[in-house]
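Chemist: I would like to see how this sequence folds:
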Amino acid sequence: DRIVGLDQVAGMAETAFGAAYKTKKGMFRTVGQLYKESLTKLMATLRNTNPNFVRCIIPNHEKRAGKLDPHLVLDQLRCNGVLEGIRICRQGFPNRIVFQEFRQRYEILTPNAIPKGFMDGKQACERMIRALELDPNLYRIGQSKIFFRAGVLAHLEEERDLKITDIIILFQAVCRGYLARKAFAKKQQQLIALKVLQRNCAAYLKLRHWQWWRLFTKVKPLLQVTRQEEELLAKDEELLKVKEKQSKVEGELVEMERKQQQLVEEKNILAEQLQAETELFAEAEEMRARLAIKKQELEEILRDLEIRMEEEEERNQVLQNEKKKMQAHVQDLEEQLDEEEAARQKLQLEKVTAEAKIKKMEEDILVLEDQNSKFLKEKKLLEERIAESTSQLAEEEEKAKNLAKLKNKQEMMITDLEERLKKEEKTRQELEKAKRKLDGETTDLQDQIAELQAQIEELKLQLAKKEEELQAALARGDEEVLQKNNTLKVVRELQAQIAELQEDLESEKASRNKAEKQKRDLSEELEALKTELEDTLDTTAAQQELRTKREQEVAELKKSIEEETRNHEAQIQEMRQRQATALEELSEQLEQAKRFKGNLEKNKQSLESDNKELATEVKSLQQMKAESEYKRKKLEGQVQELHTKVLEGDRLRADMVEKSSKLQNELENVSSLLEEAEKKGIKLAKDAASLESQLQDTQELLQEETRQKLNLSSRIRQLEEEKNNLQEQQEEEEEARKALEKQILSLQSQLVEAKKKVDDDVGTIEGLEEVKKKLLKDMESLGQRLEEKGIAHEKLEKTKNRLQQELDDLMVDLDHQRQIVSNLEKKQKKFDQLLAEEKNISARNAEERDRAEADAREKETKALSLARALDEALEGRDEFERLNKQLRAEMEDLMSSKDDVGKNVHELEKSKRALEQQVEEMRTQLEELEDELQGTEDAKLRLEVNMQAMKAQFERDLQTRDEQNEEKKRALVKQVRELEAELEDERKQRAMAVAIKKKLEMDMKDLESQIEAANKGREDAIKQLRKLQAQMKDYQRELEEARASRDDIFAQSKENEKKLKSLEAEILQLQEELASSERSRRHAEQERDELADEISNSTSGKSALLDEKRRLEARIAQLEEELEEEQSNMELLNDRFRKTTLQ
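Modeler: Numbers count the residues shown, from 1 in each chain. Sure thing, here's the model as predicted:
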């Protein structure tokens, strides 16, 4: 199969600078014409091929012509279902042909299989297939078509092509033989004629100089005998012609008699056929009468069946009433369940008060964790900012490349549109030549001017919008360059800050590496979420900044557009004034013509003068018309330029629409999640409607049975048997309904058993509450022990105060050293300021470069407009020369046609002088235009030379500044290294001072190690707490899956027994999960005992013991919450199980 459109990938070549000047006229095509051409090409391919379907496929994501990504195309074909559809078609019978077409096309393969005059298409196809000896699995014969599997028709086509080639080869051989024989006979006749000519020529040459022959030629004309012989020969020839005519007439008579006999025979055959058709018609009428009788009988049977259907519908209504009663009973049971749930909710409110106390304890723990994780978060935030800045730079470079590609495409579009414009201008000139009447031309011009003005006003409004968007996009690129420089500054500052922070953190990393390893898993998850939030905030802030900048650019663009519109309006007003003067002159000339027409009857001489004046007036009108066309062309060129700008604005808007579509896709993903939650609620309503669908299924079965009866209505006896069968089926359905009611009763009994099991589970929960009370008693004993440890902690605090006094002395020395370090940092900041100033200078240079490029673009546009004006002026000159030639021809005609020679010559000379003056004026105007054009071209060349020189100078300046910046960076790096060496020296001195006081620090470290051990124990407990929370989430997910399975149970009411077993299995799983939770609780109690032992052995402070006490209390409360949640889940499952059984 062929995928239309993939093999026609267009390639576009990028144009160089200044390529717009070399484009030909008449190739300026509009977007609508391009769209029409692409549509005609597509329709041509569709007509030339036999497509099974049409699919639009994206060749690549880069919007680049001539590039095809095979994996992307294959994925689209697979996702659209094209490959699957082809596979399904190939497995079935995708090829199908009407009998007549099959016979007409493939009868060549079976020449003797079908006799002549055989009419039945189906039997003809069967005979052809038997002759072809096809496998019966490869084809199927329908009522009007024959179906083939994939590949069979291709095989038949190949055989047909081979057969046709053989026949054509034979035909060619016969034709060539015939032509060769004909040529051979012609050559033989030529040889005989040549021999006769040669013989006669030889005889003539022999007799030419014989004297007797000369005498014979002179005497022969004088003799009458020869004339008599000639007359006899003429008469003989006439006799032969008459005989030939007679023989022809006799042959025609024979042919006419033979044709008459054939017509008589055909007449007899047609008469026989008419008799046979009349007989068939009589038989058909008899059959019609019989069918009418059968139709009446069938209608009576139908009426009986409709009466039965009404009776069965009444029975169905009774069953529906019973169903409604059952639903009311179910609602009563649900109300009872709601009352029980309200009582349980009161108990849960009491639990909430206890949970609030526990949350306060957890908040204190989280405060300590936040203090430890701040430093890590700050470090990662800085790294993420650096990564974001690099990614933004890459995105900005890609955007710049895309803008360059868009520019090249737009230049190609401009060339095409210019060529189309020139073609349209030629056609318009040809049409305008045919318009000779002045009145029609003036009205047409006025209408065209009015339409152009309306179009210009509409396009101005559109242009104002599109140019705002275009220039906003251009300014956006400039702003992104500035943002790039700013981000580089921020990155360098952040790197300096990171270096400082790393030096400060190195001293603390050694003591906290172990704690960070344990906390890393949880902190990574939290930081991932925070980074996502920060990314969204950063993107929104960047978008707001871009919007403000775009609004500023739009305001500037509006100002420029207003200035351009003012210029356009001034030009339009000048055009209007000129046209008004032209119209006034035309009206005056028409009045003069009317006066001359009144004087025509008086004097013939006045007629000639009037004709000359009218001719001059016609010429002036044609000149005015040419001027108006010239101005109209200018306006059209401006309109097309505006149109190109509008297209660029549309493309930019499409890019913005794509970005907005991405955001909408994200919103749709969120809405899809909400819809899934709503669908789960809708499933309950569908389950309620499933019972109604079952009743409808039974009604559909009855309808199918009635259809079967109608098909077998030809036999009245069998209808009675079918009545009995229907009655038996109704009895069986009633028995099935009774069986369903028995099943419902059995399900209710199973529900009662499930309730008993739930009551047993409640007993186990009460046992757990007793265990909880025992744990509270243990907690009180632990509190007493903690008070004893508090006394020991006070003693340790006294020793701690003594050591802290010694530390204060050491801190004084450290402050002195820090002052020295701060002085060095001030020096470093001065160097940073110098670097910032140099960066500002480089940014200014970049802005100057952008301005120079913008000036160059404006000058290029001016050069293009001047080139267009020159082309239009040249066209006007050609038109004026053509008009001059026509006028000269008319002058010559007038010179030749007039009678009064003297007067005509005088008047013609006057008109000739006037015309020559006009021609000279036009030539002077053309010369002025050519001078202006040459001046503009010279200015353009100067601008290009200046631009190249400016670019070279700018690149040199950039190189020199880059080299200076690198030298300054090197000097700064050296200074930084020297400062680092000084810092290292000071650190060594500081290490020496610290070594003196190691003894005091060792004592402090011992105390800190004890505190850290307590913190580690606390963190381990927090990790276990979070693991339990994750397990609870898993349990909740499993419960949601159980809810989904419950919804499936509602949908499949026929398989209630299987679903009951699945629910029992889920209850067993929940019991196992309860057992696992009890195990985890026991494990937690063991850990609590171990921690209590460690607390008794440790000499840590009172604060660590209090933290551990809080941790243990929180864990106990959490275990209680887990038990309560599992109990509530069990109760919910039991309630839902009851509802399912009741329904």
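Chemist: only C-alpha atoms for contact and neighbour calcs from this point on.
Modeler: Will do.
Chemist: Surely residue 114 and residue 130 touch.
Modeler: No. Using Cα atoms under 8 Å, residue 114 makes no contact with residue 130, being 11.0 Å away.
Chemist: Compare those two (neighbour count), which wins?
Modeler: residue 114 (18 against 14; other Cα atoms under 10 Å).
Chemist: and the residue nearest to residue 103 when sequence neighbours are not counted, what element?
Modeler: Nearest residue to residue 103, sequence neighbours excluded (Cα to Cα, 6 or more residues apart in numbering): residue 125, at 6.4 Å. For residue 125, the host element (DSSP states H and E) is helix 121-132.
Chemist: in that helix, what's buried?
Modeler: 121-122, 124-126, 128-129 (16 or more other Cα atoms under 10 Å).
Chemist: name the helices or strands packed onto the following helix or strand past that helix?
Modeler: Proceeding N to C from helix 121-132, the next assigned helix or strand is strand 139-141, under DSSP H and E. Judged by 3 or more Cα pairs under 8 Å, 6 or more residues apart in numbering; DSSP states H and E, strand 139-141 is in contact with strand 145-148.
Chemist: The residue nearest to residue 103 and residue 143: what is the separation?
Modeler: Separation of residue 125 from residue 143 (Cα to Cα, to the nearest Å): 12 Å.
Chemist: likewise residue 242?
Modeler: Using Cα to Cα, residue 242 is found at 66 Å from residue 143.
Chemist: Strands along the stretch 401-550 of the chain, start to end?
Modeler: According to DSSP state E, counting those that start in this stretch, the stretch 401-550 of the chain carries no segments that qualify as strands.
Chemist: could you pull out the helices for it?
Modeler: In the stretch 401-550 of the chain, the helices defined using DSSP state H, counting those that start in this stretch lie at 438-599.
Chemist: picking up where we left off before, residue 242 and residue 143: who's more crowded?
Modeler: Neighbours were counted for residue 242 and for residue 143 using other Cα under 10 Å; residue 242 has more, 12 against 8.
Chemist: pLDDT on the helix or strand hosting the more buried one, on average?
Modeler: Following DSSP H and E, one finds residue 242 within helix 224-434. Averaging pLDDT along helix 224-434 gives 78.
Chemist: And for stretch 112-120?
Modeler: Taken as a whole, stretch 112-120 has a mean pLDDT of 82.
Chemist: same deal with stretch 520-531?
Modeler: For stretch 520-531, the mean confidence score works out to 68.
Chemist: Kindly report the same for stretch 935-953.
Modeler: Rounded to a whole number, the mean pLDDT of stretch 935-953 is 74.
Chemist: If you count neighbours, what's buried in it?
Modeler: Residues of stretch 935-953 classed as buried by neighbour count (16+ other Cα under 10 Å): 936-937, 940, 943, 947.
Chemist: what does stretch 367-377 give?
Modeler: By neighbour count on 16+ other Cα under 10 Å, the buried set for stretch 367-377 is residue 377.
Chemist: ok so, going back, show me which of the buried residues of helix 121-132 is closest to residue 925.
Modeler: Using Cα to Cα, residue 121 is the member of those that sits closest to residue 925, with 81.9 Å.
Chemist: hmm, back to that, adding distance to residue 859, write the buried residues of stretch 935-953 out as JSON lines.
Modeler: Output for the buried residues of stretch 935-953, formatted as JSON lines (distance: Cα to Cα, whole Å):
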{"residue": "936", "distance to residue 859": "10"}
{"residue": "937", "distance to residue 859": "11"}
{"residue": "940", "distance to residue 859": "7"}
{"residue": "943", "distance to residue 859": "8"}
{"residue": "947", "distance to residue 859": "10"}
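Chemist: This structure - how does it break down into domains?
Modeler: Domain assignment for the chain, taken from the TED database, gives 31-175, 220-356.
Chemist: so how far does the first one reach from one end to the other?
Modeler: Using Cα to Cα, the gap from the first to the last residue of domain 31-175 comes to 54 Å.
Chemist: Am I right that residue 68 is in a helix?
Modeler: No. With DSSP: H, G, I helix; E, B strand; the rest coil as the criterion, residue 68 is coil rather than part of a helix.
Chemist: What separation is there between it and residue 60?
Modeler: As judged by Cα to Cα, residue 68 and residue 60 stand 6 Å apart.
Chemist: Please apply the same query to residue 121.
Modeler: Per Cα to Cα, residue 121 is found 50 Å from residue 60.
Chemist: Now do stretch 830-841, average pLDDT.
Modeler: 73.
Chemist: check contacts around residue 208.
Modeler: Counting by Cα atoms under 8 Å, 6 or more residues apart in numbering, residue 208 touches residue 214.
Chemist: Kindly list the main-chain dihedrals of it?
Modeler: phi -60, psi -40 (degrees, to the nearest 10).
Chemist: Could you check how far it is from residue 193?
Modeler: 22 Å.
Chemist: and what of residue 1006?
Modeler: 140 Å.
Chemist: Also residue 203?
Modeler: Relative to residue 193, and taking Cα to Cα, residue 203 is found at 15 Å.
Chemist: now the host helix or strand of residue 171: mean pLDDT?
Modeler: According to DSSP H and E, residue 171 maps onto helix 152-207. Average pLDDT, helix 152-207: 94.
Chemist: Tell me which other helices or strands it touches.
Modeler: Looks like helix 152-207 contacts no helix or strand (3+ Cα pairs under 8 Å, 6+ apart).
Chemist: Not counting sequence-adjacent ones, nearest residue to residue 90?
Modeler: Closest to residue 90 by Cα to Cα, 6+ apart is residue 150, at 5.1 Å.
Chemist: The one you found sits in which helix or strand?
Modeler: Using DSSP H and E, residue 150 sits within no helix or strand.
Chemist: For burial, what's the neighbour tally of it?
Modeler: When neighbours are defined as other Cα under 10 Å, residue 150 has 18 of them.
Chemist: cool, residue 147 as well?
Modeler: 19.
Chemist: give me the beta-bridge partners of it?
Modeler: Residue 147 forms beta bridges with residue 96, residue 140, as assigned by DSSP bridges.
Chemist: Enumerate every residue touching it.
Modeler: The contact partners of residue 147, by Cα under 8 Å, 6+ apart, come to 93-97, 139-141.
Chemist: Throw these into a markdown table and include distance to residue 342, neighbour count and pLDDT, thanks.
Modeler: Putting the contacts of residue 147 into a markdown table (distance: Cα to Cα, whole Å; neighbours: other Cα atoms under 10 Å; pLDDT from 0 to 100) gives the following:
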| residue | distance to residue 342 | neighbour count | pLDDT |
| --- | --- | --- | --- |
| 93 | 64 | 17 | 88 |
| 94 | 64 | 15 | 85 |
| 95 | 68 | 17 | 87 |
| 96 | 69 | 18 | 90 |
| 97 | 72 | 14 | 92 |
| 139 | 70 | 19 | 92 |
| 140 | 69 | 13 | 93 |
| 141 | 70 | 15 | 92 |
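Chemist: In CSV, list those residues along with distance to residue 636.
Modeler: What follows is the contacts of residue 147, written out as CSV (distance: Cα to Cα, whole Å):
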residue, distance to residue 636
93, 58
94, 54
95, 54
96, 55
97, 55
139, 64
140, 64
141, 64
